[in-house]
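[1] Could you look at this predicted model? Sequence included:
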Amino acid sequence: MTLEEYRIQVIEKLKICRDAAQARGLLAEVDLVLTNSRISDRTQKLFWQTLNNALDAVAQESTLLLEKQAATALRPVVAAAQPVTAQYQLLIASDHQNPDS
């Protein structure tokens, strides 16, 4: 599976999360998968950036493509996921700057 395919899979799983806590848990699992895959920090950071961009698109499209109730349910999931993706990007950057920590 490519990282692009994995990102799409993660987005689809986020779309069916019932709440913000479930979304954060899913993203913690994604971080673990990425860390254990031994891909470079740069590639991991790029993954999180593209995931965050995809979440922007999901948020915008949800109001157009989903019924009101589904869009309303998805909004807090996306709102919880976006800061988490940004946090992982910062952690990767911090680890890269401080490799001995």
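    All right, it came through fine.

[2] how many other residues sit next to K45?
    18 (other CB atoms under 10 Å). For the C-beta atoms, the positions are set from N, CA and C on the backbone; glycine is no exception.

[3] For it, which non-adjacent residue is closest in space?
    Distances taken as CB to CB, 6 or more residues apart in numbering place I92 nearest to K45, at 4.8 Å, with adjacent residues excluded.

[4] what pLDDT does that neighbour get?
    Looking at I92, its pLDDT stands at 84.

[5] Quick check: nearest residue in space to T35, chain neighbours excluded?
    Q44 (7.7 Å).

[6] Off-centre distance for the lengthiest helix in the chain?
    Using DSSP state H, we find that the single longest helix of the chain is helix 68-97. Computed by CA atoms, centre = their mean, to the nearest Å, the chain-centroid distance of helix 68-97 equals 6 Å.

[7] from now on call the first residue 374
    Sounds good: first residue 374 from here, last item helix 441-470.

[8] just to revisit the earlier point, tell me which residues in the helix or strand containing the residue nearest to T408 are buried?
    Under the criterion of DSSP states H and E, Q417 resides in helix 414-438. Buried residues in helix 414-438, counting neighbours by 16 or more other CB atoms under 10 Å, are found at 417-418, 420-421, 424-425, 427-428, 431-432, 435.

[9] if we can go back for a sec, the longest helix of the chain versus helix 414-438: what angle between them?
    170 degrees (axes from the mean of the first three to the mean of the last three CA atoms, to 10 degrees).

[10] Does anything pack onto helix 441-470? Which helices or strands?
    helix 376-388, helix 393-410, helix 414-438 (3 or more CB pairs under 8 Å, 6 or more residues apart in numbering; DSSP states H and E).

[11] Cool, thanks, signing off.
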